[in-house]
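*Asks:* with the input below, show me the fold.
(one chain, ligands or ions: 1)
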Amino acid sequence: MEHEHEHEFVLEIPEFEHLAYEVEEGIALVTLKRPEALNALSQSLLEELAEIPELVQQDPEVRAVIFTGEGKAFAAGADLKEIAAIKDPFMGREYALFGQRVFAEIAALPVPTIAAINGYALGGGLELALACDLRVAAKGAKLGLPEVGLGLIPGFGGTQRLPRLIGRGRALDLIFTGRHVDAEEALMLGLVNRVAEDALEEAKKLAQKILKNAPIALALAKESVVRGEGLDLAEALEIEADLFGYAAATEDMKEGVRAFLEKRPPSFKGE
Ligand SMILES: C/C=C/C(=O)SCCNC(=O)CCNC(=O)[C@H](O)C(C)(C)COP(=O)(O)OP(=O)(O)OC[C@H]1O[C@@H](n2cnc3c(N)ncnc32)[C@H](O)[C@@H]1OP(=O)(O)O
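*Replies:* This next block holds a predicted model:
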């Protein structure tokens with residue numbers, strides 16, 4: 001007798017100690033779970049985070065990812081007990097490279113990613129949020145890069161992603177002073193996209209709104225923005241034209257345009 005699930009692809013989700021991973025209606029929710037240390041990014045937590053991009057890419061159901069934190073913090077930075085054990089520049093460099101690699105893989109995910117900043121997002125915690133495409137902050141959230149106050153510099157991408165996002169002058173204000181900015185100032189600076197009572201609820205609404213659009217177009221739009229970042233305008237525009245070409249050849253493009261002309265909502269298939 002043929003087994004009902006014989007051909008079903010079963011995705012194995014690893015047992016995480018410091019993370020929760022769940023998928024609901026196409027949205028993967030990754031929750032940092034070390035609330036007793038304000039979700040400080042220990043090596044073991046970072047190793048678990050490093051598994052997320054593969055998990056997401058193996059599951060065709062996942063069309064967006066939200067990162068958030070349990071308790072009163074999103075993440076209060078890299079784990080300072082572990083940083084205290086760094087003995088020399090080589091160890092320090094390896095330490096930074098590891099965090100950078102994890103966040104680079106998150107930044108390279110082909111699906112939209114959102115940080116739901118429920119509380120403190122400091123140092124490495126803010127750098128994780130900066131590796132996401134969009135950021136939603138709760139009203140009481142505090143964001144900052146306090147590293148210079150510890151004799152450090154941001155090392156998980158902050159000196160690069162923050163100025164690219166909000167401009168050099170604003171980034172250096174935050175990096176030099178190490179001050180915490182509240183959600184409203186973060187919105188004004190362009191550091192977050194939205195402020196809400198409940199960051200996670202707002203992030204889910206934002207994801208649902210995004211997911212109404214054509215999946216291939218979303219991936220190509222992200223690819224165009226990401227690949228263009230390091231290039232000069234002429235080269236980047238060529239990439240945009242190529243990716244526009246791909247989008248224009250999809251079934252979803254035909255459906256999107258037909259639906260507009262027929263004055264009805266589109267039904268996208270991701271083809
Ligand atoms: C390359 C990347 C580099 C970096 O990220 S460097 C780190 C940058 N981050 C920081 O400097 C923030 C450090 N944390 C704080 O300043 C404070 O926390 C807060 C302002 C965020 C909150 O203060 P309060 O509400 O008074 O809580 P609490 O008692 O300080 O923290 C609760 C428990 O959480 C632990 N904790 C907080 N942040 C970290 C961290 N970054 N690394 C390790 N542990 C942390 C504490 O020690 C304490 O634990 P216990 O109850 O055992 O004393």
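*Asks:* every contact and neighbour count from this point should use C-alpha atoms.
*Replies:* OK.
*Asks:* what about Leu233, neighbour count?
*Replies:* Close neighbours of Leu233, defined as other C-alpha atoms under 10 Å, add up to 11.
*Asks:* wait, I meant Lys87
*Replies:* By the criterion of other C-alpha under 10 Å, Lys87 has 9 neighbours.
*Asks:* ok, the one 10 residues further on next?
*Replies:* For Leu97, the tally of surrounding residues (other C-alpha under 10 Å) stands at 15.
*Asks:* which helix or strand contains it?
*Replies:* For Leu97, the host element (DSSP states H and E) is helix 89-107.
*Asks:* C-terminal to that helix, what's the next element?
*Replies:* For helix 89-107, the succeeding helix or strand toward the C-terminus, using DSSP H and E, is strand 113-117.
*Asks:* who touches the helix or strand harbouring Ile210?
*Replies:* Taking DSSP H and E as the definition, Ile210 sits inside helix 199-211. Counting by C-alpha atoms under 8 Å, 6 or more residues apart in numbering, helix 199-211 makes contact with 27, 63-64, 66, 68, 112, 114-118, 136-138, 196, all of which sit outside it.
*Asks:* near the ligand, which residues of the stretch 151-271 of the chain are found?
*Replies:* Taking C-alpha under 6 Å from any ligand atom, the part of the stretch 151-271 of the chain that reaches the ligand is made up of 154-156.
*Asks:* of these, which is the most crowded?
*Replies:* Counting by other C-alpha under 10 Å, top hit in those: Phe156 with 28 neighbours.
*Asks:* for that one, which three-state class applies?
*Replies:* Each residue gets one of three states, and Phe156 gets coil by DSSP: H, G, I helix; E, B strand; the rest coil.
*Asks:* which phi and psi does it have?
*Replies:* phi -110, psi 40 (degrees, to the nearest 10).
*Asks:* what does the model give it for pLDDT?
*Replies:* pLDDT for Phe156: 98.
*Asks:* what residues are up against it?
*Replies:* Contacts were defined as C-alpha under 8 Å, 6+ apart; by that measure Phe156 touches 96-97, 99-100, 103, 124, 127-128.
*Asks:* near the ligand, which residues of the stretch 1-150 of the chain show up?
*Replies:* Proximity of the stretch 1-150 of the chain to the ligand, by C-alpha under 6 Å from any ligand atom, involves residues 36-38, 40, 76-81, 96, 120, 122-124, 146-147.
*Asks:* perfect, I'm done here.
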